[in-house]
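predicted structure and sequence below. I'll ask about it afterward.
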Amino acid sequence: MFFSKKWNPDGLHVYIPGGSSGLGLALAILMVQKGAHVSIVARGQDRLDKALVEMQNYRQNPAQKLNAYSFGLNSAAEASKALEAVCEAHEGHSPDAVFACAGASKPMFFVEMTEEDLTQGMDSGYWVQAWTAWAAVRMMVRQQRKGKIALVSSTLGYISYTGYASYSPAKQALRGLADTLHSECMLYGIDVHIFFPPTMKTDGYIEEMKTKPDITTEIEAKDEGLTTEQAALAMFTGIQNNQAHITGEWITNTFRCCTRGAVPGNNWFIDKLIDISSWVIVPIFRMEHDGMLKRHRASHQEYLRSKGFFS
Ligand SMILES: NC(=O)C1=CN([C@@H]2O[C@H](COP(=O)(O)OP(=O)(O)OC[C@H]3O[C@@H](n4cnc5c(N)ncnc54)[C@H](OP(=O)(O)O)[C@@H]3O)[C@@H](O)[C@H]2O)C=CC1
Ligand SMILES: CCCCCCCCCCCCCCCC(=O)[C@@H](N)CO
């Protein structure tokens, strides 16, 4: 609304699952800089400890509660336990905002994926955030408290290409969950957002490069990506502007506008102009993309042979 005040995290409790690294850590630091009480959760204690030390450097006042807890988040029980631990330092009150950043990807060719690769893709792309959303919304509703929930998808939550058969479905499922909750949580005055970041050079990115097919890297070469600081700021700005779907650069924003579904857009007029531009831009992307794949056929056969796939 024209006169409505922008969301201000100063003095609020912000819970960031996946806050020990990458986007989550950049967002945690940004929230500390804005005066929020910040809790982060991840599995690895080392990175949690380092992250907490870094967050302390940005503290605005001595009253800010900055906490880190080690939990896995892959099940309802773990996500609930993590949430309870996080709320203990806040008289058991539900967080004012939950920004679910945890996630991982293991890009590979579909034909090389095992059953475990595919099911783990849903665990570490979808359930790792979905269970937190489930636990947090239930807690907010039980306590009759309002709040904000933001999930983190990816450009691959809108589109996909070779290599992401275990990851893109999970990120697209997160979009389905966010759009459902955007509607359902109106019953409770809880705002729901979802962010679609492009490439960010994080620890997670270094990890995914270990298995990523060359052809996937080649397709992604046109994506300049964002630093985690830029991405965190884009996510925060989108949340402040109450955007249902948030993007941080033009490529993903184009896919947002031409894959728009039925949630509110970000600008009634400009979104349409971008949608019209996609009528030209997307076929150009696709021509280039399809050409790359077709040119890669012979060397892919060679690759599969060298891996013993046919024997
Ligand atoms: N980097 C990129 O190019 C892109 C990333 N994204 C998405 O953005 C989000 C952040 O990515 P990025 O910053 O690169 O990731 P990082 O790998 O750098 O950080 C991921 C964070 O999540 C935690 N985490 C991962 N799995 C679990 C789990 N099962 N339980 C608890 N905590 C977990 C990690 O800690 P620990 O491992 O110790 O548990 C870490 O704190 C992810 O959802 C990712 O899919 C989207 C688009 C592009
Ligand atoms: C069929 C037409 C396809 C056209 C493609 C052109 C667009 C290229 C930009 C893609 C950027 C993707 C970033 C995703 C990062 C991500 O989520 C992973 N790094 C996992 O973490």
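That came in fine, so what should we check first? Residues are numbered from 1 along each chain as shown. Ligands and ions are numbered 1, 2, ... in the order given.

now stretch 128-139 - C-alpha only, CSV.
Provided in CSV are the C-alpha atoms of stretch 128-139 (Å, rounded to 0.1, in the frame of the first residue of the first chain):
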residue,chain,number,x,y,z
VAL,A,128,14.8,-29.4,4.4
GLN,A,129,12.7,-26.2,4.1
ALA,A,130,9.2,-27.6,4.0
TRP,A,131,9.4,-29.2,7.5
THR,A,132,10.6,-25.9,8.9
ALA,A,133,7.7,-24.0,7.3
TRP,A,134,5.3,-26.6,8.7
ALA,A,135,6.7,-26.4,12.2
ALA,A,136,6.8,-22.6,12.1
VAL,A,137,3.3,-22.0,10.8
ARG,A,138,1.8,-24.4,13.3
MET,A,139,3.6,-22.7,16.1
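
quick one: name the residues of the stretch 201-311 of the chain near ligand 1.
For the stretch 201-311 of the chain, the contact set with ligand 1 under CB under 6 Å from any ligand atom comprises 202-205. (Each C-beta comes from the backbone N, C-alpha and C, glycine too.)

pull the distance from the longest helix seen in the chain to the chain's centre.
Assignment by DSSP state H gives helix 270-295 as the longest helix of the chain. On the basis of CA atoms, centre = their mean, to the nearest Å, helix 270-295 sits 24 Å off its chain's mean C-alpha point.

now the helices for the stretch 201-311 of the chain?
Per DSSP state H, counting those that start in this stretch, the stretch 201-311 of the chain carries helices over the ranges 203-209, 214-220, 228-240, 250-258, 270-295, 297-306.

are the fourth one and ligand 2 in contact anywhere?
I take that to be helix 250-258. Yes - contact of helix 250-258 with ligand 2 (CB under 6 Å from any ligand atom) involves Ile251.

who touches that helix?
155, 158-159, 196-198, 222-223, 245, 247, 265-266, 271-272, 274-275, 277-279, 281-282 (CB atoms under 8 Å, 6 or more residues apart in numbering).

how does it look with 7 Å?
With contact meaning CB atoms under 7 Å, 6 or more residues apart in numbering, helix 250-258 is reached by 155, 158-159, 196, 198, 223, 245, 247, 271, 274-275, 277-278, 281-282.

mark which of those residues are buried, thanks.
Neighbour counting over those (16 or more other CB atoms under 10 Å) leaves 155, 158-159, 196, 198, 245, 247, 271, 274-275, 278, 281-282 as the buried ones.

quick one, what contacts the residue of the stretch 201-311 of the chain found nearest ligand 2?
In the stretch 201-311 of the chain, the residue that lies nearest ligand 2 is Asp223 (3.6 Å; CB to the nearest ligand atom). Counting by CB under 7 Å, 6+ apart, Asp223 makes contact with 198-199, 251.

the spatially closest residue to Asn61 that is not a sequence neighbour: neighbour count?
Closest residue to Asn61 apart from its sequence neighbours, by CB to CB, 6 or more residues apart in numbering: Gly35 at 6.8 Å. As a burial measure, Gly35 scores 17 neighbours (other CB atoms under 10 Å).

how about the contacts made by Gly35?
Contact partners of Gly35, counting by CB under 7 Å, 6+ apart, are 9-11, 60-61, 64.

SS state for it?
Counting by DSSP: H, G, I helix; E, B strand; the rest coil, the backbone at Gly35 sits in coil.

okay, and for this structure, where does confidence drop off?
Applying pLDDT under 70 to the chain flags residues 1-4.

who in it is up against ligand 2?
105, 154-156, 159, 161, 167, 198-199, 205, 208, 219-220, 222-223, 251, 285-286, 289.

among those residues, name the buried ones.
The buried subset of these - by 16+ other CB under 10 Å - is 105, 154-156, 159, 161, 167, 198-199, 208, 219-220, 251, 285, 289.

circling back: would you turn the helices of the stretch 201-311 of the chain into TSV with distance to Ile29?
Output for these, formatted as TSV (distance: least, CB to CB, whole Å):
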stretch	distance to Ile29
helix 203-209	15
helix 214-220	26
helix 228-240	8
helix 250-258	23
helix 270-295	30
helix 297-306	41
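
Val141 is nearest to which of those helices?
In terms of CB to CB, the element of the helices of the stretch 201-311 of the chain nearest to Val141 is helix 228-240, at 20.2 Å.
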